[in-house]
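Asks: Fold the following for me, if possible:
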Amino acid sequence: MGKMNVSTRKIEVILTSGELETLDKWSYACRRMSNIAISRMFALEKVDEWQSLTDKGKKTVKKLSKEAGTMTSTRMNFMYRELSVEFSDIPSCIRAGLTRTLNQTYQQKKSEIHKGLSALPTFRNGMPIPFNISSKYKTSFFQKSENGYTFNPFGKKFGIEFETRFGKDRSNNRAIVQNIYEGKYELCDSSIQLSGKKVFLLLTFKSPKERFKPKKGVVVTMNLGMNVPAYMVSSTGDHMAIGNKNTLLKQRLAMQSARKRLQKELADTKGGRGRKKKLQALNRLRKSERNFVKTKNHQLSYKIIKFALENKAEKILIEDLQGIARDENEISKYVLRNWSYFELQQFITYKAAKFGIVVEVAETHYISQKCTNCGHTDKENLQDDQMQCVVCGHKLQKDHNAALNVLKEYQSSLKV
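Replies: The predicted model follows:
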């Protein structure tokens with residue numbers, strides 16, 4: 001196999017054998033194991049620092065390590081054995097999958113944690129139940145059934161079996177599972193997530209990278225605009241406004257207003273059944289708002305990648321998110337704060353990677369105020385939705401102007 005993409009799909013499944021209470025118990029245990037393991041990983045890092053600083057530390061650490069078994073095993077093996085002692089009733093595939101996931105999470109955040117820029121991750125109830133896939137089961141994990149596919153991720157010993165439910169299958173999940181079943185895609189460590197009475201399979205797999213041949217030197221830039229969520233400009237001359245402010249902002253602000261109203265009512269309700277119902281309604285509203293924004297970001301990122309593919313771009317330049325706080329207009333700041341642009345950036349990055357398109361963050365200081373014709377920068381250039389230069393009179397839609405400036409500054413940097 002050549003280069004592969006790693007993807008995750010959320011597929012609803014039903015429990016055909018076993019009890020939901022068992023999964024609830026394992027999910028709670030995963031939360032406890034995660035918090036314990038992350039804390040110990042951090043402690044081991046600090047022990048290493050102490051060992052390197054003092055001779056006394058070296059002697060003490062050697063003694064402690066010998067007792068704990070860290071001298072004869074890797075960190076991951078040590079953490080797995082530690083969790084196996086305290087949580088022996090949990091399936092070994094869960095402990096193995098969790099150890100690997102936590103190690104990856106810690107390694108990603110380690111630098112920021114040691115610099116004091118981030119706290120240790122904490123895990124709450126309801127976290128997914130990870131399980132590892134041994135190589136001998138990768139091709140036999142799914143078994144065909146009358147309604148779809150069945151699978152037993154935790155081993156026959158525990159008697160828990162699931163069956164897929166694809167429904168309308170707008171995401172083409174049936175074809176993905178079929179490709180895994182036929183060995184065309186490679187199955188990776190995955191997880192089971194509980195959401196109320198519903199159960200989901202978070203299926204992770206590797207698939208061959210789609211063939212895409214970009215044109216050398218073709219770049220598209222994206223401006224995070226006020227009137228449109230994303231304005232795209234290509235070095236080929238093509239440009240396009242993607243999305244609409246009203247479709248995202250109005251509905252989200254309505255949800256936020258309803259949430260504030262419920263929070264105010266909760267403050268006036270001291271206890272009893274009424275408070276419990278309002279809390280449930282508040283949680284449902286928060287979840288709906290989050291799902292709405294996430295869905296919109298998926299739709300926007302799909303259109304952005306589609307524009308890049310149509311222009312055969314080898315690179316996408318995204319506006320620096322830190323520049324949002326310095327935007328020239330208070331209304332614009334308010335609008336931008338109510339969009340989840342960082343999530344949008346993450347979606348663009350991983351979707352672009354499937355085609356080998358590079359995503360870079362560009363410096364974007366006062367790009368909306370700068371005239372693309374003469375280069376004059378002045379906040380007086382901005383007139384509502386337009387940029388009209390006070391020096392040369394050049395007029396252009398504000399977000400289009402900003403995206404063009406990102407492209408021009410990038411092209412100028414290549415000539416230096």
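Asks: so Gly183 sits in a strand?
Replies: No: counting by DSSP: H, G, I helix; E, B strand; the rest coil, Gly183 falls outside a strand, being coil.
Asks: count of neighbours near Asn173?
Replies: 20 (other CB atoms under 10 Å). All C-beta spots, glycine's among them, are computed from the backbone N, C-alpha and C.
Asks: my read: it touches Ser7, true?
Replies: No: applying CB atoms under 8 Å as the test, Asn173 and Ser7 come out as separate, 11.1 Å apart.
Asks: Quickly list what's touching both of the two.
Replies: Here Asn173 and Ser7 have no joint contacts, going by CB atoms under 8 Å, 6 or more residues apart in numbering.
Asks: Outline the domain layout of this structure.
Replies: Domain segmentation of the chain under automatic domain parsing yields 4-21+128-208, 29-115, 219-247+294-415.
Asks: can you redo those as a markdown table with distance to Glu265 and mean pLDDT?
Replies: Output for the domains of the chain, formatted as a markdown table (distance: least, CB to CB, whole Å; pLDDT from 0 to 100):
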| stretch | distance to Glu265 | mean pLDDT |
| --- | --- | --- |
| domain 4-21+128-208 | 24 | 89 |
| domain 29-115 | 30 | 74 |
| domain 219-247+294-415 | 23 | 81 |
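Asks: got a list of contacts for the host helix or strand of Lys408?
Replies: Secondary structure assignment for Lys408, by DSSP states H and E: helix 398-415. With CB under 8 Å, 6+ apart as the test, helix 398-415 has contacts from 219, 221-223, 225-228, 231-233, 235, 239, 241, 317, 319, 362-364, 367-368, 370-372, 382, 385-387, 396.
Asks: Please indicate which of those are buried?
Replies: 219, 221-223, 225-228, 231-233, 235, 239, 241, 317, 319, 362, 364, 367-368, 370-372, 382, 387, 396 (16 or more other CB atoms under 10 Å).
Asks: hmm, back to that, winner for burial among the domains of the chain?
Replies: Highest mean neighbour count among the domains of the chain (mean count of other CB atoms under 10 Å): domain 219-247+294-415, with a mean of 18.
Asks: Show me what the top helix by length along the chain is packed against.
Replies: Of all the segments of type helix in the chain, defined by DSSP state H, the longest one is helix 273-310. Counting contacts by 3 or more CB pairs under 8 Å, 6 or more residues apart in numbering; DSSP states H and E, helix 273-310 packs against strand 219-223, strand 230-234, strand 239-242, helix 245-268, helix 341-353.
Asks: Counting by contacts, list what the host helix or strand of Thr105 packs against.
Replies: Element membership of Thr105, judged by DSSP H and E, is helix 92-115. When contacts are defined as 3+ CB pairs under 8 Å, 6+ apart, helix 92-115 sits against helix 20-53, helix 75-86, strand 129-131.
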